[in-house]
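S.K.: curious how this folds, go ahead:
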Amino acid sequence: MKTIVSIIIPIYNMSQYLDECVRSVLSQTYKNYELLLIDDGSTDDSGKLCDYYADKYSNVRTIHKKNGGLVSAWKRGVGASNEKASYILFIDPDDFISANYLDELLHSDKNNSDIIISKICKYYPSGKIDKFNFVIESGYYDRKKISTEIFPHMINNGKVLDRGISITRWGKLIKKSLVVKNMTLVDNGITFGEDFNLMIPILLNAKSIYIHEVNNATYYYRIRNDSMLRGYDNNMFTSIKKVYGSLLPLIDHIGNKSLNKQISIDYIGAMILCYKNNLYSQQGRKNAIDFINLLHEDTTLNKYINKYAPIKFDFIDRFILFSITNESYSFRLLSYSLLRKLSILKRKRQE
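M.R.: As a prediction, this is how the structure comes out:
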């Protein structure tokens, strides 16, 4: 019997890109799949498009739900997927895949791997395409090779959120049993690091990984003009604490020194991004001051900065860390004001 793949697309107000995304699935040369369109309370025409495809194609199902965020949408999709499905494939609604994506990945993997990772390319508005390059090379990795060749680079290579392997939910076929087992670790309320929170436990539990980066099996990650100008996320700090609060004990339990160091440096990088995110906050001076103090007093952040000097971070990131840890309240406030002005100027130039 052919392997069944459940393809899940979580959707919120993506009518502009949804048609190309869905059609890339419907054009697959491999046909033993189901497509689940999870309409997470869209207010544009996305819901109508979902219903159109569900009415026209027998292997397409639409689930409409109240807006609950990305995590709740893909959980709903996994819960509704075919009970006989072997693999889950997540696709974001503004992305798309090549026509023989499933065929190539499934037929090239001779080991029934727990995770099959495809080539991932950035697709720009101009039509330009750039391949994502990772440290880990293509090939088959059993449990021993995962431990010796993937784990040493998996989470962080020293820079801010610098991955050695793709740690996205999309761009890979994942055994459904692994997704079901580990998705309970991801809090529905997080808005930053959702994929990271899901994929790290999955990668830690995988017994085999196959990386297959060939031209005719590509996941296209769309770079949108509006996505380059991300807005302020007032939930980022809370999300970071939840994500790493879930993952730190898990990795600590494994007792792998390299992974412990990587997740620690990654936490530092996430907090730097959180600092940069807050530069765009419109909540006023007092809130900015409270936030600076929040980072300054974060015991986990201070512990990791003291233990692991992030020497590969660039100048601005190291300056942000210096500002966060500086004992002078006036210096912290002055630095924040300066970086905020520079960030706003940079954003205006991009616009």
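S.K.: can you tell me the SS state at the spatially closest residue to residue 86 that is not a sequence neighbour?
M.R.: The shortest distance from residue 86 to any non-neighbouring residue, by Cβ to Cβ, 6 or more residues apart in numbering, is to residue 3 (4.8 Å). C-betas here are computed from N, CA, C, even on glycine. Three-state call for residue 3 (DSSP: H, G, I helix; E, B strand; the rest coil): coil.
S.K.: what segments of the stretch 1-150 of the chain are strands?
M.R.: 5-11, 33-40, 60-65, 87-90, 96-97, 115-123, 129-131, 139-142 (DSSP state E, counting those that start in this stretch).
S.K.: pull the residues that contact the second one.
M.R.: Spelled out, it's strand 33-40. Residues from elsewhere that reach strand 33-40, judged by Cβ atoms under 8 Å, 6 or more residues apart in numbering: 4-12, 22, 25-26, 46-47, 50, 53-54, 57, 59-65, 67-70, 72-74, 76-77, 80-82, 85, 89, 102.
S.K.: try the fifth one
M.R.: Applying Cβ under 8 Å, 6+ apart, the external contacts of strand 96-97 come out as 20-21, 23-25, 28, 91, 123, 218-220, 222.
S.K.: so which of these sit within helices?
M.R.: Of those, the ones assigned to helices by DSSP state H are 20-21, 23-25.
S.K.: relative to residue 200, which of the strands of the stretch 1-150 of the chain is closest?
M.R.: Nearest to residue 200 among the strands of the stretch 1-150 of the chain is strand 115-123 (12.4 Å), distances taken as Cβ to Cβ.
S.K.: related to what we said a few turns ago, now the ones in helices among the contacts of strand 96-97: which count as buried?
M.R.: 21, 24-25 (16 or more other Cβ atoms under 10 Å).
S.K.: related to what we said a few turns ago, ok, the residue nearest to residue 86 touching residue 89?
M.R.: No: the pair residue 3 / residue 89 is not scored as a contact, 11.4 Å apart, by Cβ atoms under 8 Å.
S.K.: okay, these two: which has more neighbours?
M.R.: residue 89 (26 against 17; other Cβ atoms under 10 Å).
S.K.: what are the bridge partners for that one, then?
M.R.: residue 7, residue 173 (DSSP bridges).
S.K.: give the contact list for it.
M.R.: Taking Cβ under 8 Å, 6+ apart, one finds 5-8, 33, 102, 170, 172-174 in contact with residue 89.
S.K.: what distance do you get for residue 246 to residue 211?
M.R.: According to Cβ to Cβ, to the nearest Å, residue 246 and residue 211 sit 26 Å apart.
S.K.: where do the helices sit along the stretch 51-200 of the chain?
M.R.: 70-80, 101-108, 143-145, 176-182, 194-205 (DSSP state H, counting those that start in this stretch).
S.K.: show me how far the last one is from its chain's centre.
M.R.: Read that as helix 194-205. 10 Å (Cα atoms, centre = their mean, to the nearest Å).
S.K.: now that helix: mean pLDDT?
M.R.: When pLDDT is averaged along helix 194-205, the result is 97.
S.K.: can you check stretch 28-48 too?
M.R.: Mean predicted confidence for stretch 28-48 is 97.
S.K.: and the end-to-end length of it?
M.R.: End-to-end distance of stretch 28-48 (Cα to Cα, to the nearest Å): 23 Å.
S.K.: list the buried residues for that stretch?
M.R.: Those buried within stretch 28-48 under the rule 16+ other Cβ under 10 Å are 28, 30, 33-42, 46-47.
S.K.: do the same with stretch 134-143
M.R.: 134, 136, 141.
S.K.: low-confidence regions, the stretch 251-351 of the chain specifically.
M.R.: Residues of the stretch 251-351 of the chain meeting the criterion pLDDT under 70: 344-351.
S.K.: can you give me the helices in it?
M.R.: With DSSP H, counting those that start in this stretch as the criterion, the stretch 251-351 of the chain has helices spanning 257-278, 285-296, 299-307, 315-325, 329-350.
S.K.: identify whichever of these lies nearest to residue 198.
M.R.: Closest to residue 198 of the helices of the stretch 251-351 of the chain, according to Cβ to Cβ: helix 257-278, at 15.0 Å.
S.K.: elements contacting the closest one?
M.R.: helix 236-254, helix 285-296, helix 299-307, helix 315-325 (3 or more Cβ pairs under 8 Å, 6 or more residues apart in numbering; DSSP states H and E).
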